[in-house]
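J.: Any chance you could fold what I've pasted below:
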Amino acid sequence: MQPLFFLSDQAGDDAPPLVIAEIGINHEGDFAKAVQMIDAAADAGCHCVKFQCHVIDDEMIPNEVIPGNADESIWDIMERCALSEDEEIRLKKYAEEKGLFYLSTPFSRAAADRLHAMGVSAFKIGSGECNNYPLIQHIAAMGKPVILSTGMNDLASIEPAVAILRRAGVPFALMHCTSMYPTPYDKVRLGGITALAQAFPDAVLGLSDHSLGVYTCLAAIPLGARILEKHFTADKTWPGPDVPISIDPGELKDLMVGSQAVWQALGGGKDILPEEQPTIDFAYACVVSIKPIQKGETLTMDNIWCKRPGTGAILAKDFESLLGKKAVVDIPVNVALGWDMVALA
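T.: Residues are numbered from 1 along each chain as shown. Okay, here's the model as predicted:
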């Protein structure tokens with residue numbers, strides 16, 4: 001049930017990317033929609049679904065602040081979208097029965113306590129809480145792995161959060177993130193993954209991406225990202241502030257297939273593989289006679305050249321070394337030359 005990331009001795013380049021479908025609040029408080037999105041994520045082959053845990057009165061005070069990607073206050077959004085504890089317990093059970101790893105982001109102490117009591121195996125902490133060190137301390141004390149998003153934070157503000165996680169001795173990952181919805185491609189800044197790697201070499205790295213499509217997630221893998229998170233919806237026609245930036249089941253499947261393909265393609269060097277030999281046999285060129293050559297005749301560009309297949313003893317790379325040498329036997333036309341046909345001295 002546990003992805004490789006959470007096994008700290010296996011985390012890193014040897015582990016394939018963990019893909020998180022962030023359902024978040026895309027269900028708009030509709031339990032049936034949440035179940036439908038779990039089904040869609042499982043059908044796409046996803047590893048993990050993530051929700052948000054909102055205990056509103058412990059999370060915020062009443063307010064009229066309107067997020068940039070919405071037309072109503074954050075209080076009203078969360079009041080409408082928050083799931084009950086019973087619903088979250090049922091969703092966790094259902095996701096795990098579908099073979100998915102269940103994550104949820106707590107936005108308060110009460111939410112973290114709820115998730116801990118539910119038996120979650122790890123915590124995802126959002127970018128807004130990256131510098132909420134008291135909450136991070138509270139979560140880290142529970143002793144479970146933590147995935148920490150770092151949008152809206154620089155290295156200086158991330159460092160105290162990392163110090164808390166290190167002191168607690170919990171495995172942790174840092175997710176590069178830009179908190180714009182959607183994020184223009186020129187604001188994704190994949191170089192942030194490299195910066196995190198240099199500043200925190202003991203962290204597993206990832207990308208929590210709000211740009212459109214799956215392109216930047218795939219591009220993040222060669223830079224070291226081993227956790228990829230995208231907002232997800234089963235239907236892009238559904239309402240919700242995060243739906244316009246979400247990927248759908250087809251895109252999620254592309255991300256699953258693409259992330260595995262890119263990860264498998266990493267590494268290696270520029271040597272010749274044994275598996276390339278069948279292609280070498282027909283694709284290489286070797287030195288052949290293009291006219292009948294008499295014993296004692298000098299080899300020139302008029303009577304030898306390079307042609308396929310590459311099954312002859314003398315390959316095209318040695319062509320020039322033969323020019324001016326003499327044949328020691330009669331050589332018919334269209335014969336691949338061998339070293340024993342030429343006087344090399």
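J.: so where's the protein uncertain?
T.: Applying pLDDT under 70 to the chain flags residues 1-14, 68-70.
J.: Repeat the analysis, applying 50 as the threshold.
T.: 1-4, 7-11 (pLDDT under 50).
J.: so where do the helices sit in it?
T.: 31-43, 56-59, 74-81, 85-97, 109-118, 133-140, 155-168, 191-199, 215-220, 249-265, 277-283, 319-322 (DSSP state H).
J.: Can you list the helices and strands that the last one packs against?
T.: So that's helix 319-322. Using 3 or more CB pairs under 8 Å, 6 or more residues apart in numbering; DSSP states H and E, the elements in contact with helix 319-322 are strand 304-307. For the C-beta atoms, the positions are set from N, CA and C on the backbone; glycine is no exception.
J.: contacting residues for the residue of the chain positioned farthest from its centre?
T.: Residue distances from the centre of the chain (CA atoms, centre = their mean) peak at Gly296, which lies 63.7 Å from the mean C-alpha position. Residues counted as contacts of Gly296 (CB atoms under 8 Å, 6 or more residues apart in numbering) are Lys326, Ala327, Val328.
J.: what's the closest of those residues to Leu103?
T.: Proximity of these to Leu103 was ranked by CB to CB; the top entry is Ala327 with 74.3 Å.
J.: which ones are touching that closest one?
T.: Ala327 is in contact with Ile293, Gln294, Lys295, Gly296, Glu297, Leu299, Met341, Val342, Ala343, counting by CB under 8 Å, 6+ apart.
J.: ok, 10 Å please
T.: Applying CB atoms under 10 Å, 6 or more residues apart in numbering, we find Ala327 in contact with 289, 293-299, 303-304, 337, 341-343.
J.: and what of Lys93?
T.: Contacts of Lys93 were listed using CB under 10 Å, 6+ apart, and they are Tyr102, Met118.
J.: mind checking how far it is from Asp209?
T.: Lys93 sits 29 Å away from Asp209, taking CB to CB, to the nearest Å as the criterion.
J.: could the contacts of Ala327 be laid out in JSON lines, adding distance to Cys48?
T.: What follows is these, written out as JSON lines (distance: CB to CB, whole Å):
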{"residue": "Ser289", "distance to Cys48": "64"}
{"residue": "Ile293", "distance to Cys48": "69"}
{"residue": "Gln294", "distance to Cys48": "75"}
{"residue": "Lys295", "distance to Cys48": "74"}
{"residue": "Gly296", "distance to Cys48": "76"}
{"residue": "Glu297", "distance to Cys48": "73"}
{"residue": "Thr298", "distance to Cys48": "71"}
{"residue": "Leu299", "distance to Cys48": "66"}
{"residue": "Asn303", "distance to Cys48": "67"}
{"residue": "Ile304", "distance to Cys48": "63"}
{"residue": "Leu337", "distance to Cys48": "61"}
{"residue": "Met341", "distance to Cys48": "65"}
{"residue": "Val342", "distance to Cys48": "65"}
{"residue": "Ala343", "distance to Cys48": "70"}
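J.: which of the residues you listed lies closest to Ser259?
T.: Of the contacts of Ala327, the one sitting nearest to Ser259 (CB to CB) turns out to be Leu337, at 49.2 Å.
J.: Am I right that the closest one is in contact with Ile304?
T.: Yes: with the criterion set as CB atoms under 10 Å, Leu337 and Ile304 qualify as a contacting pair; they are 6.8 Å apart.
J.: Quick check: neighbours shared by the two?
T.: Taking CB under 10 Å, 6+ apart as the contact rule, the neighbours common to Leu337 and Ile304 are Val287, Val288, Ser289, Ile293, Ile314, Phe319, Leu322, Ala327, Ile331.
J.: What residue, apart from its backbone neighbours, is nearest Leu228 spatially?
T.: The shortest distance from Leu228 to any non-neighbouring residue, by CB to CB, 6 or more residues apart in numbering, is to Cys217 (4.4 Å).
J.: Near that neighbour, how many other residues are there?
T.: Neighbouring residues of Cys217 were enumerated by other CB atoms under 10 Å; the total is 28.
J.: who's in contact with it?
T.: Cys217 is in contact with 17, 19, 188, 190, 206-209, 211, 225, 227-230, 247, 254-255, 258-259, 262, counting by CB under 10 Å, 6+ apart.
J.: Check Asn303 too.
T.: Contacts for Asn303 (CB under 10 Å, 6+ apart) come out as Ser289, Ile290, Lys291, Pro292, Ile293, Gln294, Glu297, Ala327, Ile331, Val333.
J.: Do I have it right that the second one meets Pro332?
T.: No: using CB under 10 Å, Ile290 and Pro332 do not qualify as a contacting pair, with a distance of 11.1 Å.
J.: So for these two, which sits in the more crowded spot?
T.: Legend: neighbour count by other CB under 10 Å for Ile290 and Pro332, higher for Ile290 (15 against 9).
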